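Q: sequence first, then the predicted structure:
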Amino acid sequence: MDENNIQHQQENGFAIAGMVVGIIAICVCGGYFVNDITSVIVAAVASIVGLVLSYIGLKNSTQTGIGKNQAKTGLILSIIAVLVVISLIIVVATGHPLRGDYNYNYEAQSLLYLF
C-alpha cells in the first residue's frame, strides 16, 4: 500500500470530549443518579468541564472546520446541565430532599394527632 493513498480522517478531540462530558452531565443531573449532594457536585463539575471542552472545540472548529456540530451539541447540553445543577442547589439549599424521604415515621405523626 502506498502511504500517499491513505487518507487520515481528522477529528476535533475537544469537541468530541465536550459532547461526551455534556451527555454524562445531563445523565447524572437529570437521571436516577441524583440521590444525594455528591451526585450534584459530580454533575456540576462535569457540566463545567463540558462547557470548557466544548468551547475549546468550537474555537478549534472555526479554524479547522471540523467538529462544529459536536461542539455546539456539547455546549447546549452543558448549559442545560448547569441550569439543572443550579436548580438542584436551590432545592437543596431550601431544605427539600432530592428524593422522597423513605424513612419517614408515619406512626410518630399519627401519635401527634392524639395530642
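A: Everything's here; your move. Numbering: from 1, shown residues only.

Q: by mean pLDDT, flag the weakest helix or strand of this protein.
A: Lowest mean confidence among the helices and strands of the chain (mean pLDDT, DSSP states H and E): helix 106-112, at a mean of 47.

Q: ok, Gly95 - contacts?
A: Not one residue lies near Gly95 by C-beta atoms under 8 Å, 6 or more residues apart in numbering. Placement of C-beta: from N, CA and C, glycine included.

Q: now do the top helix by length along the chain, average pLDDT.
A: Counting residues, the longest helix found in the chain (DSSP state H) is helix 37-64. The pLDDT scores in helix 37-64 average 89.

Q: give me the buried positions along it.
A: Under the neighbour-count criterion of 16 or more other C-beta atoms under 10 Å, helix 37-64 has 39-40, 42-44, 46-58, 60-61 buried.

Q: give me the helices and strands touching that helix, please.
A: Using 3 or more C-beta pairs under 8 Å, 6 or more residues apart in numbering; DSSP states H and E, the elements in contact with helix 37-64 are helix 13-30, helix 68-93.

Q: wait, Gly18 touches Ile76, no?
A: No - between Gly18 and Ile76 there is no contact, the gap being 10.5 Å when judged by C-beta atoms under 8 Å.

Q: number of nearby residues for Gln10?
A: 10 (other C-beta atoms under 10 Å).

Q: report the spatially closest residue to Leu58, excluding sequence-adjacent ones.
A: Residue nearest to Leu58 in three dimensions, not counting chain neighbours: Ala71, with 3.9 Å by C-beta to C-beta, 6 or more residues apart in numbering.

Q: need the pLDDT of that neighbour.
A: Ala71 is given a pLDDT of 92.

Q: same question for Ile23.
A: Note on Ile23: pLDDT of 91.

Q: can you pull the contacts of it?
A: Here Ile23 is in contact with Leu77 (C-beta under 8 Å, 6+ apart).

Q: how close does it sit to Val92?
A: Computed as C-beta to C-beta, to the nearest Å, the Ile23 to Val92 distance reads 24 Å.
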